[in-house]
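A.B. asks: please work out how this folds:
(chains A and B)
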There are 2 protein chains.
Amino acid sequence: MGFNEGLLVATRARQSLLCVGLDSDLERLPPHLLREFGERAVLEFNRWIIEATKDLVCAYKLNLAFYEQLGPTGLGMLEETLASIPEGVLKIADAKRGDISSTAKAYAKAIFDYYGFDAATVNPYLGLEALEPFLSYSDRGAFVLCRTSNPGAREFQDLECDGRPLYLWVAEAVARASERFGNLGLVVGATWPEELRRVRELVGDGLPILIPGVGAQAGDLERAVRYGTNSRGELAIINVSRAVIFASAREDFAQAARAAAQRLRDEIERSRPRRS
Amino acid sequence: MGFNEGLLVATRARQSLLCVGLDSDLERLPPHLLREFGERAVLEFNRWIIEATKDLVCAYKLNLAFYEQLGPTGLGMLEETLASIPEGVLKIADAKRGDISSTAKAYAKAIFDYYGFDAATVNPYLGLEALEPFLSYSDRGAFVLCRTSNPGAREFQDLECDGRPLYLWVAEAVARASERFGNLGLVVGATWPEELRRVRELVGDGLPILIPGVGAQAGDLERAVRYGTNSRGELAIINVSRAVIFASAREDFAQAARAAAQRLRDEIERSRPRRS
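C.D. replies: The predicted structure is shown next:
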């Protein structure tokens, strides 16, 4: 089963398009956990969050930076975190990798073989040729950055190239390549609803779109769901990180995360176009 | 001292623009080392290569992928490798990172604070705003991908945007930003000498250019040096990886690496325009 098909199965079975981002920055963890566990608080925190939210999500997204900044110990905690994510919930490496030939192959090995992630985010600047090591894992997904959620995304992504902005060139190239590879998707920030709408229109129904930027970054959830899903209300993954995992910094942080996730999941379900 | 000034000092003191890439892919290491040390052969290999070449180079460049593919153990070996690089030789993280806000900050912390690298390669797709966490370390360098060495680089980097290709937009934005930040540079592959010449012309004398692609990728060394250095024959770093470190896969691998590095360093020196 190709990744995109697997994603459909997962989101249908779990009736959720919500992905929780485990951006568990040591500096922002609940103080009582830090006092008790020191650096290991990252792992403790993740286990509590996963336990509290695992029935509400289709995926967890882990931003590798927050683990890398703690050196090998951090990567060890990444490994242990992944082990506590239940079967059937997808594990997405938000790695934004982009490199060439044997190096790209080594990144794909790290993410898919060593850590066992189901999908990774990748950067298109080096051309799709450079992403082939990722695409050759047909049961794993590769989400290509298209329109990122940050304010500075405009600088290059909006440059008009032969009559259309760069991000649409990327979207089109990915849509074309996905005729050969059944595991390609795109990343478009919820902070750019108009651009999200244009991307979905351009790529049609077949590609999944990973949509960060809801919550702390103030992207519009309802439009993210409406514009990001395909005509059957599927193949979008709505990621929320800080607004869920840091909903409270007190002892009730896990319950608060669950309540936030529940609210978001329900709101997403209400906004989804009905399958036709 | 800003990074770019430090780079000038380093290359003058060591009379070398050569950077050796420690792309120490486990699969390609000398078989006798693998037999003796298993996975730890990566560290052994690096120590031998560094010992054999350290007086010939201005920098070592480490492609993080080759360490990440071995999990936390690999990152431990990365740490130990860095510890064996002598004072005065720069340590470049070829990480090609690009992410936003707190995530970009965490990547910069990983590379500069945790591992203590002197410079990193970064990806421009998210806009220069996203790179600011890297730029805020004024004594560390940030080399922005401009024209990468791979065949597929053309796909997006050559798109004509308002009359000039994307990679020149990146070069110009970086040149402009370097009026505020004294630690910005560019990456341009030696496999594209014409593009390298255009980039150096556009950015003038102040920016360093990191130039991979010589050796296994068959970039032209003489033109890389002539087009890549500034008018004083400085501020270029010529990286060679496989053609040095894998010059031999037998017991003489370290001597063979030294011989290759020596040849390259001398050829670079012959090709450098004289300082005026």
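A.B. asks: start and end of stretch A:137-152, how far apart?
C.D. replies: 32 Å (C-alpha to C-alpha, to the nearest Å).
A.B. asks: got the buried residues for it?
C.D. replies: Neighbour-count burial for stretch A:137-152 flags A:137, A:140-150, A:152 (criterion: 16 or more other C-beta atoms under 10 Å in any protein chain shown). Where C-beta positions appear, they are placed from N, C-alpha and C, glycine not excepted.
A.B. asks: looking at those residues, which are in strands?
C.D. replies: A:141-147 (DSSP state E).
A.B. asks: between those residues, which is nearest B:Tyr60?
C.D. replies: Comparing these against B:Tyr60 with C-beta to C-beta places A:Leu145 closest, at 29.2 Å.
A.B. asks: any idea how far that closest one is from A:Ala93?
C.D. replies: Separation of A:Leu145 from A:Ala93 (C-beta to C-beta, to the nearest Å) stands at 13 Å.
A.B. asks: what touches both of the two?
C.D. replies: Shared contacts of A:Leu145 and A:Ala93 (C-beta atoms under 8 Å, 6 or more residues apart in numbering or on different chains): A:Thr121.
A.B. asks: tabulate the ones in strands among the buried residues of stretch A:137-152 in JSON lines, adding columns for pLDDT and distance to chain B.
C.D. replies: Shown next, in JSON lines, are these (pLDDT from 0 to 100; distance: C-beta to the nearest C-beta, whole Å):
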{"residue": "A:Gly141", "pLDDT": "98", "distance to chain B": "19"}
{"residue": "A:Ala142", "pLDDT": "98", "distance to chain B": "15"}
{"residue": "A:Phe143", "pLDDT": "98", "distance to chain B": "14"}
{"residue": "A:Val144", "pLDDT": "98", "distance to chain B": "10"}
{"residue": "A:Leu145", "pLDDT": "98", "distance to chain B": "6"}
{"residue": "A:Cys146", "pLDDT": "98", "distance to chain B": "10"}
{"residue": "A:Arg147", "pLDDT": "98", "distance to chain B": "10"}
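A.B. asks: for the residues you listed, which one is nearest B:Thr103?
C.D. replies: Nearest member of these to B:Thr103, counting by C-beta to C-beta, is A:Leu145, at 12.7 Å.
A.B. asks: who touches the closest one in this structure?
C.D. replies: A:Leu145 touches A:96, A:121-124, A:170, A:186-187, B:125-126, counting by C-beta under 8 Å, 6+ apart.
A.B. asks: how does it look with 7 Å?
C.D. replies: Contacts for A:Leu145 (C-beta atoms under 7 Å, 6 or more residues apart in numbering or on different chains) come out as A:96, A:121, A:123-124, A:187, B:125.
A.B. asks: go ahead and confirm A:Arg242 touches A:Gln217.
C.D. replies: No: the criterion here is C-beta atoms under 7 Å, and A:Arg242 misses it with A:Gln217 at 8.4 Å.
A.B. asks: for the two, indicate the residue with more neighbours.
C.D. replies: Taking neighbours as other C-beta atoms under 10 Å in any protein chain shown, A:Arg242 and A:Gln217 compare with A:Gln217 leading, 19 against 16.
A.B. asks: about what we covered before: columns distance to A:Ala259 and neighbour count on top of the contacts of A:Leu145, output as CSV?
C.D. replies: Compiled in CSV, those are given as follows (distance: C-beta to C-beta, whole Å; neighbours: other C-beta atoms under 10 Å in any protein chain shown):
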residue, distance to A:Ala259, neighbour count
A:Lys96, 30, 28
A:Thr121, 28, 28
A:Asn123, 35, 26
A:Pro124, 37, 26
A:Val187, 27, 26
B:Tyr125, 36, 26
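A.B. asks: now the residues you listed as JSON lines including secondary structure?
C.D. replies: JSON lines is the format used below for the contacts of A:Leu145 (DSSP: H, G, I helix; E, B strand; the rest coil):
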{"residue": "A:Lys96", "secondary structure": "strand"}
{"residue": "A:Thr121", "secondary structure": "strand"}
{"residue": "A:Asn123", "secondary structure": "coil"}
{"residue": "A:Pro124", "secondary structure": "coil"}
{"residue": "A:Val187", "secondary structure": "strand"}
{"residue": "B:Tyr125", "secondary structure": "coil"}
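A.B. asks: sort out which one of those residues lies nearest B:Ala108 for me.
C.D. replies: A:Lys96 (13.9 Å).
A.B. asks: who's in contact with the closest one?
C.D. replies: Counting by C-beta under 7 Å, 6+ apart, A:Lys96 touches A:121-123, A:145, B:98-99.
A.B. asks: what's the distance between it and A:Leu43?
C.D. replies: A:Lys96 is 23 Å from A:Leu43, where distance means C-beta to C-beta.
A.B. asks: cool, A:Asn239 as well?
C.D. replies: Separation of A:Asn239 from A:Leu43 (C-beta to C-beta) stands at 21 Å.
A.B. asks: higher neighbour count, the two?
C.D. replies: Taking other C-beta under 10 Å, A:Asn239 and A:Leu43 do not tie; A:Asn239 has more neighbours (29 against 22).
A.B. asks: and the helix or strand harbouring A:Asn239, what does it pack against?
C.D. replies: Using DSSP states H and E, A:Asn239 sits within strand A:236-240. Strand A:236-240 sits against strand A:18-21, strand A:209-211, helix A:221-228, with contacts defined as 3 or more C-beta pairs under 7 Å, 6 or more residues apart in numbering or on different chains; DSSP states H and E.
A.B. asks: closest to chain B out of these?
C.D. replies: strand A:18-21 (9.8 Å; C-beta to the nearest C-beta).
A.B. asks: about what we covered before: how about TSV for the helices and strands packed on strand A:236-240, with mean neighbour count and mean pLDDT added?
C.D. replies: Putting these into TSV (neighbours: other C-beta atoms under 10 Å in any protein chain shown; pLDDT from 0 to 100) gives the following:
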stretch	mean neighbour count	mean pLDDT
strand A:18-21	26	98
strand A:209-211	27	98
helix A:221-228	21	97
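A.B. asks: tell me the helices in the stretch 1-150 of chain A, going along the chain?
C.D. replies: Assigned by DSSP state H, counting those that start in this stretch, the helices in the stretch 1-150 of chain A fall at A:3-14, A:31-37, A:41-53, A:65-68, A:71-83, A:101-108, A:132-135.
A.B. asks: which one of the ones you listed is the most hemmed in?
C.D. replies: Mean neighbour count (mean count of other C-beta atoms under 10 Å in any protein chain shown) peaks for helix A:65-68 among those, with a mean of 27.
A.B. asks: who in the stretch 101-250 of chain A is up against chain B?
C.D. replies: Selection of the stretch 101-250 of chain A residues close to chain B by C-beta under 7 Å from any C-beta of the partner chain yields A:101-103, A:106-107, A:109-110, A:114, A:123-130, A:145, A:148-156, A:159-162, A:166, A:169-170, A:173.
A.B. asks: switch the cut-off to 8 Å
C.D. replies: A:101-104, A:106-107, A:109-110, A:113-115, A:123-130, A:145, A:148-157, A:159-162, A:166, A:169-170, A:173 (C-beta under 8 Å from any C-beta of the partner chain).
A.B. asks: what about A:Leu56, distance to chain B?
C.D. replies: 23 Å (C-beta to the nearest C-beta, to the nearest Å).
A.B. asks: tell me who's in contact with that residue.
C.D. replies: For A:Leu56, the contact set (C-beta under 8 Å, 6+ apart) comprises A:16, A:18, A:258, A:261-262, A:265.
A.B. asks: again, but for A:Val144
C.D. replies: A:Val144 neighbours (C-beta under 8 Å, 6+ apart): A:121-124, A:128, A:131, A:170, A:174, A:184-187.
A.B. asks: now do the contacts for whatever residue of the stretch 151-276 of chain A ends up closest to chain B.
C.D. replies: Relative to chain B, the nearest point of the stretch 151-276 of chain A is A:Gly152 (2.7 Å; C-beta to the nearest C-beta). Neighbouring residues of A:Gly152 by C-beta under 8 Å, 6+ apart: B:126-130.
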